[in-house]
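*Asks:* what's the 3D shape of this:
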Amino acid sequence: MRPYAGRHILLGVTGGIASYKTAWLARLLAQAGALVDVVLTHSAREFVGAVTFEALTGRPVHTELVAAGHALDHITLAQAAELVVVAPATADFLARAASGRANDLLAACLLAARAPVLLVPAMNDRMWAHRQTVANVAHLRALGYGVLDPAVGPLASPQEGAGPGRMAEPETIFDHLGRLLEPGGALAGRRVLVTAGPTRERLDPVRFLSNESSGKMGVAVAAAAWRRGAEVTLVAGPLGVPAPTGACVVHVETTAEMRDAVRAALPNADVLVMAAAPADFRPKAAAASKITKARRPAAIPLADTADILTSTRDARRPGAVVVGFALETDDALGRAKEKLAAKALDLIVVNDAGEEGAGFGVDTNRVTLLAPDAEAEALPLLPKSEVADAILDRVEQLLGVRKSRGAKKKTDGR
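*Replies:* Coordinates of the predicted model:
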């Protein structure tokens, strides 16, 4: 699974109650194909056993700085690692790392490592807020370590938890590791605007017109773009899945609200991926109170909603790459070609709403990619995360071509 497959990750575990969650992180990494070497501190072994991590990773677990036949483990492990993550990182470990101590295997690995390091703190909220911890974290960041701020939530002590201190969830850590592992490509540092989910057009205070979109495809694109180093804004209708890590999420309900949010963000966007499924129609007038059976109208007049891609075309940044989606039931390719030209798109992603395993609400999709003056590229049925990567691969190609053309124009103009 991109970008984890075959990558060597050193996972350090220190002695905090949150170490039970690190087992799930190890499982996520191993399932994604990473080669995970686990280092447990002595105090970590009081909370979770080495056999747990050995079973989850399929690799030996390391615990001792000096052991028979393993005197150089801190060097070999550090040299093999393409990424080092410590989760949880206790206040004590942060202090030792900040002062450059090498009094156990994990601390020594940090000094020997040349790979990126991500520290994931977990502790009592008062300890996290203490001046000494604040100073240690600032120093670690100045040294080049990544430090993932803890979350607010239940802590080990039921009397505490008003402030941050809870370790980030394994899925969030997993996403941050993916961003560190992804090589810098054409999306690194770019601003990517993605839309996702349905919109809702109110019929009355309790009913609306909408569709079955869950937002899974748009969220997958936003997650993949952030993992590739982009600065991501996600304009989202009501989602059926969690928002992705790292994205700035703008929540909207109606098509008009989505259009306005897209227009506001578009002038700064290098890429627009319009993966949302906005409602095409709205009631001409929404009822102020619930429509009852006794007072139901004979008909409900409808009006068209704004076409977001067309109505915001004038707000696009020069040279921006624009991707549209076309979910059709009849003549999908023919209609997609018409939209490609009419909406001035660089790429359109086409799929058939009637195809099993594709479309709304499922984790997979079968799409065809269409670009002007190019042969259609039909992809097999894939997880939506892989479809997102295929789309962004094409986007990066387009950005690379435009960058080359821009460089050539500057050279020719000298």
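*Asks:* Kindly report the domain assignment for the chain.
*Replies:* Annotated domains of the chain cover 8-181, 191-412 [automatic domain parsing].
*Asks:* Can you point out the helix or strand that includes Ala135?
*Replies:* helix 131-142 (DSSP states H and E).
*Asks:* and the closest residue to Ala81 other than its chain neighbours, what are its bridge partners?
*Replies:* Nearest non-adjacent residue to Ala81, counting by CB to CB, 6 or more residues apart in numbering: Leu10, 3.9 Å away. No exception for glycine: its C-beta is placed from N, CA and C like everyone else's. Under DSSP bridges, the beta-bridge partners of Leu10 are Asp37, Val84.
*Asks:* Could you report the neighbour count for Leu10?
*Replies:* Neighbour count for Leu10, taken as other CB atoms under 10 Å: 25.
*Asks:* ok so, going back, closest one to Arg2 among the domains of the chain?
*Replies:* Of all the domains of the chain, domain 191-412 sits nearest to Arg2, with 6.0 Å by CB to CB.
*Asks:* quick one: the closest one to chain centroid distance?
*Replies:* Centre-to-centre, domain 191-412 and its host chain are 17 Å apart (CA atoms, centre = their mean, to the nearest Å).
*Asks:* What helices and strands are in contact with the following helix or strand past the helix holding Ala135?
*Replies:* Using DSSP H and E, the helix or strand that follows helix 131-142 in sequence is strand 146-147. Packed against strand 146-147 by the contact rule (3 or more CB pairs under 8 Å, 6 or more residues apart in numbering; DSSP states H and E) you find strand 117-121, helix 131-142.
*Asks:* Name the residue closest to the centre of this structure, please.
*Replies:* In the chain, the centroid-proximal residue (CA atoms, centre = their mean) is Ala223; its distance is 2.6 Å.
*Asks:* how would you label the residue of the chain most remote from its centre: helix, strand or coil?
*Replies:* What lies farthest from the middle of the chain is Ala294; by CA atoms, centre = their mean that is 48.0 Å. Under DSSP: H, G, I helix; E, B strand; the rest coil, Ala294 falls in the coil class.
*Asks:* Hmm, Phe325 is touching Ile308, no?
*Replies:* No: counting by CB atoms under 8 Å, Phe325 stays clear of Ile308, with 11.3 Å between them.
*Asks:* where do the contact lists of these two overlap?
*Replies:* Common neighbours of Phe325 and Ile308, counting by CB atoms under 8 Å, 6 or more residues apart in numbering, are Met274.
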